[in-house]
Structure formats: C-alpha cells, structure tokens
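# One predicted model, sequence on top.
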Amino acid sequence: MTSTTSSGGATTRRCSCRNPETGKNYGKSCPKLANRRHGTWSIRHELANRTDGTRREFRRSGFETSAEATKELNKVRALLAIPDEDDAAGHLVVSDMLETCAKNKEPLPDYDETRRRLAAGQALNPRMSVSEWLDLWLGGKKRLRVSGQKRYESDIRVHLKPHLGDVRLDKLNVPHLDRMFDTINEANIEIQEQNAQRRAALDELKAIPWKGAENRARRKWLKAAIDQMPPFRRMTSVNTQHHIRATLRAALNTAIAQRIIPNYNAAEHVELEPGTKPKALVWTEERVAHWRATGEKPSPVMVWTPEQTGQFLDYVEGDRLDAMWRLIAFRGLRRGEGCSPRWIDFSKRTRSLEIATQLVQDGWEVLEGLPKTNSGIRSVALDEETVDALERRRLLQQEEKRRWGDAWKDTGRIFTEEDGSLLHPGKISDLFERLVADAGLPPIRLHDLRHGAATLMLAAGVDIKVVSETLGHSDSRITRDIYQNSQELHQAGEKLQVARSGQGPARALPSCNLAA
C-alpha cells in the first residue's frame, strides 16, 4: 500500500494480493506495487466534525489510476472550500452532504449547483428520497398529539413508503401519486373479493348440519379451504386515501418551506374521489325494530332520541361513574375529556367545569395531554343535577380513599378507578358498550353521546355559537354543518320540547342555560 498525503486529504494505493505461503495480504510489501498500474487507488479527506463532536472522513475507493483519484479528491477539496472560513454552519452542511454521498456511493454534486443551493439556503442533497424525507419530517413533529403522530406514522409506513419511498424527493410528481392510489384501489378490489369468498365459505360451513358422514366430510373440506384463504382485511377507504394525501401534502409543504424542493407540491394536484362522512341517523322505532330482527346498524353513526338518552341515564343511576355519563350525554365531552377532569377544575359555586386536560391511549398506555384543539380548552356550564351528582361523586371518592388507605393513588381526578388511579379510555368504551347492552338500548358509540348532547342543546334554543364552544369545536361552522343541516337530528331534538312539558323521562331534561 502506498499513499500520497497533504493538508487537503490523501490518495492511497492498495492491492489484494496475498502471500501464497501464509494466505495473508501482502500490504505494503507486495512485490508488484512498484508497478503504478498495479492495485487500485482510494481517497480520504477529513470533514467538519459532526454536531456531537465526533470526527469523520470522506472515503472513496476503486480508482484505477492515481490521476483519477486525485481528480476526485480535488472535487472534494473544492466543495469543502465553498463556505467562508468562518462559516461553521456552511462547513457542517457541506460535510453532511459529502458524508451522505460517500455512504450512499453517489456521485459528487456539481460545484456550481452546490454553491447556488448553499447561497440560497436550500438543502445540498437533491437526491434525497421520499422515504428519507418522510423520516426526517416525522422525526421533527415533536409537538404532535400522540394520536396525530400515530396516524402520520401509519400513513407513512403502510402506504407512502411502500409506494413512493424510492422516488427522489425533487422528482416526485402527480403520475407517481396516481399510480399509488390506482394500486391501492386495485388492492381494495382484491381484498373485497377475498373477504366475500371467506365470508361465503364461513356462512356455508355454519349452515351445514353436524350429522351425517357426507356433511362431516364437507365441513372438514371447507375448514381446510378456509385455513388457506387470506384473513379478513380492511380496505383503504376513500376517506383514508384523503388522509394519506393530506399527510404527504403536509410533508411536502415543509420541504418547500425549507427550500429542499422547488415550490411545487404534487399532492396538491392529485385528484381523488370526494370523501364522505357517515351520516348520523336517529334510532327511530322502525330502525330499532330492524336492528332487533337483523342485528344491522343503519349507519356507523347512530344517535339516541332524548327518551333513549333518559333511559340510559336512569339505568346507570347509582353507578360509580354516573356523573361522568351525565357530563358526556348533556355537555358533549369527548371520551378522553370525560375521563380526565380534575377537582381543581370544578366549581360548585359557579356551577362550571374547566376542560383543561384529556387522557389518551398510546398503544395500551394512558397518557395525559391537552384537549384535541386549542378551542377544546374551555369552561362548561353545569345544570344543578350534574353539580349534585359530582358532589355525590366526591363523597364516594372519599370513602374509596378511606378504604384503600396507603394504597390510594392521589391523581386529583374526579373520575378514577377505585384505587384512585387513572381511568383507561379504552376500558371506558368497553364499559359503555356493556351498559348499553344491559339496558336493552340500541347500540351507539360513546362518541355518539356527543351528537345527542348537541341535539338536546340546539333543540332547547341554545345559540349555535354557545353550543360550539361547549363542544370544543374550533369553528361554529363545524357545529352548524354537522347538526343544523341534519334534518333527522333536528326532528329528534324537537322531541325535547315535548319532554320538557312533562311527557318524557325527566332525566333527559337538563337545564340548558349555558350562560350561567
């Protein structure tokens, strides 16, 4: 091995010849190194230290001649000389670029283009892939709520990286996105067919009697066939596709803002089918009868009538969390908000509750966070019965604290487990589902109690802006679009007027004086 060094790096020649007697590499003692054409040349040049202070070098090998190696080394020297001597940040980004080029075995970038991009404050690595940028972008989203972070991560991992990850970020265009969504929709067709095939086989298996040799043989064959079929899978809905596009659009906007790519966002220009939100329907007598006969829900989003809400609250009266159910049903708290209110946020004198925190799931772990939006931090007016229910809850909690003694966990929350620990939002959803079934009521999601709360307030004549603030919407137009434009919810809410005159269950009649 021979080398030529200078303050500006070094070129080195080495060969792979081995001593036939020992099997070891000759190294510097190879007898053929006297021939300058023997072996290959490599270069190395020290780079600016990384931000953590560790040293690094640019290394590249495989040059056939010394002239080729020297030419490449001169390019490295020229690129490193672009920033002024006192421009530490400039030296750092140029060194980062050279380290990336060496790692990925990419050609060195053009000198003039690198100088232009550095002067313009643009990224110096135009060959960054979509996958690399998405990782950088997601890693910088430190202030996202856990659920938002998880949703972005899912879009990137499941869809964007597999379909677009290898595309150069600065070359991404609309046809790339069109192909991704076409592939997703083709997969949807396949999933739909496979799900239908598996469902038909399971239905046939269920219908075959157990008795008889022929039936047993058919059942055995069907079970073996079902085992070979793909499991049931969820299709990527139109709404999910819109969210995938929104995730990519946000990532590309950041890349544009940081001058990593030109001012063109391909996600802004790809066309998708219009997204649809499930329509909220009321559990009318006819729909309840159909559900009892078939087990089918008319819509994923169903809302109770005021009478049905009253029946549920009558059923859970005396439950240790009855005040929480009442808050969600009458003031539209989100699940995480309903689990998390603190005693310091409750005022009996002003009959109000401050919504300042919420509990969220990260996997199965429970974390405390801020409400969903800035407008989610709000003050909620309470009716007299809810205040009384909260005071009963205070007495019950004091009794639980006495029973648990030193094992009591003082979280300061109004609603807790019996030992004072935080409620788990997932367990609360499961508990609500069981209580609804035990009460003999048609099923709704816990979140659908929020729709019912809005219906009750609007029907009681509460101003749309006050309803919006109570629900924690960021804009009253959201409230108007969801509730006032739904004729069914409006008609169901009008029944409150009948109930308030004494013809309905009293427990569905909170005071709606939200200005209190």
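Now that the structure is in, tell me what you want to look at.
# quick one: secondary structure of the residue nearest to the spatial centre of the chain?
Taking C-alpha atoms, centre = their mean, the centroid of the chain lies closest to R151, which sits 1.4 Å from it. Three-state call for R151 (DSSP: H, G, I helix; E, B strand; the rest coil): helix.
# so where do the helices sit in the stretch 301-450 of the chain?
306-316, 322-331, 335-339, 384-404, 425-438, 448-459 (DSSP state H, counting those that start in this stretch).
# and the ones you listed as a markdown table, adding mean pLDDT and mean neighbour count?
(C-beta placed from N, C-alpha, C; glycine too.) Below are the helices of the stretch 301-450 of the chain laid out as a markdown table (pLDDT from 0 to 100; neighbours: other C-beta atoms under 10 Å):
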| stretch | mean pLDDT | mean neighbour count |
| --- | --- | --- |
| helix 306-316 | 91 | 21 |
| helix 322-331 | 92 | 24 |
| helix 335-339 | 90 | 26 |
| helix 384-404 | 94 | 15 |
| helix 425-438 | 93 | 15 |
| helix 448-459 | 78 | 24 |
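# And the strands in the stretch 151-300 of the chain, which stretches?
Taking DSSP state E, counting those that start in this stretch, the strands of the stretch 151-300 of the chain run over residues 281-282.
# Now do the helices in it.
Counting by DSSP H, counting those that start in this stretch, the helices of the stretch 151-300 of the chain are 161-164, 174-207, 213-228, 238-257, 285-294.
# Can you measure across stretch 74-86, start residue to end residue?
Terminal residues of stretch 74-86 are spaced 21 Å apart (C-alpha to C-alpha, to the nearest Å).
# make that stretch 434-445, sorry
11 Å.
# which outside residues touch that stretch?
Residues from elsewhere that reach stretch 434-445 (C-beta atoms under 8 Å, 6 or more residues apart in numbering): 283, 287-288, 291, 297, 301-304, 308, 311-312, 315-316, 319, 325, 429, 433.
# If you average pLDDT per helix and strand, which one of this protein comes out bottom?
strand 2-6 (a mean of 52; mean pLDDT, DSSP states H and E).
# mind exporting the helix or strand following that one as PDB, just the C-alpha atoms?
For strand 2-6, the following helix or strand on the C-terminal side (DSSP states H and E) is strand 9-14. The C-alpha coordinates for strand 9-14 follow below in PDB (Å, rounded to 0.1, in the frame of the first residue of the first chain):
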ATOM      1  CA  GLY A   9      -6.500  14.900   2.100                       C
ATOM      2  CA  ALA A  10      -4.700  11.800   0.800                       C
ATOM      3  CA  THR A  11      -4.700   9.300  -2.100                       C
ATOM      4  CA  THR A  12      -3.800   5.700  -1.300                       C
ATOM      5  CA  ARG A  13      -2.900   2.700  -3.500                       C
ATOM      6  CA  ARG A  14      -3.500  -0.800  -2.300                       C
END
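# Helix or strand next in line after strand 9-14, which one?
Using DSSP H and E, the helix or strand that follows strand 9-14 towards the C-terminus is strand 40-46.
# Parallel or antiparallel, which strands does that following strand pair with?
Strand 40-46 has the following strand partners under DSSP bridges: strand 9-14 (antiparallel), strand 57-63 (antiparallel).
# got a list of contacts for it?
The contact list for strand 40-46, computed with C-beta under 8 Å, 6+ apart, reads 8-15, 55-66, 68-70, 72-73, 76-77, 80.
# 6 Å instead, please
9-13, 57-63, 66, 69, 72-73, 76 (C-beta atoms under 6 Å, 6 or more residues apart in numbering).
# From the chain's centre, how far out is that strand? Work that out for me.
Offset of strand 40-46 from its chain centre (C-alpha atoms, centre = their mean, to the nearest Å): 45 Å.
# what's the answer for stretch 102-112, then?
In terms of C-alpha atoms, centre = their mean, the centre of stretch 102-112 is found 35 Å from the chain centre.
# what about that stretch, how long is it end to end?
Stretch 102-112: ends 20 Å apart by C-alpha to C-alpha.
# in that stretch, what's buried?
Of all the residues in stretch 102-112, those buried under the rule 16 or more other C-beta atoms under 10 Å are 102, 108-109.
# And for stretch 336-351?
336-341, 345-346, 351.
# does A280 really touch V301, like I thought?
Yes: between A280 and V301 there is a contact under C-beta atoms under 6 Å: 4.4 Å.
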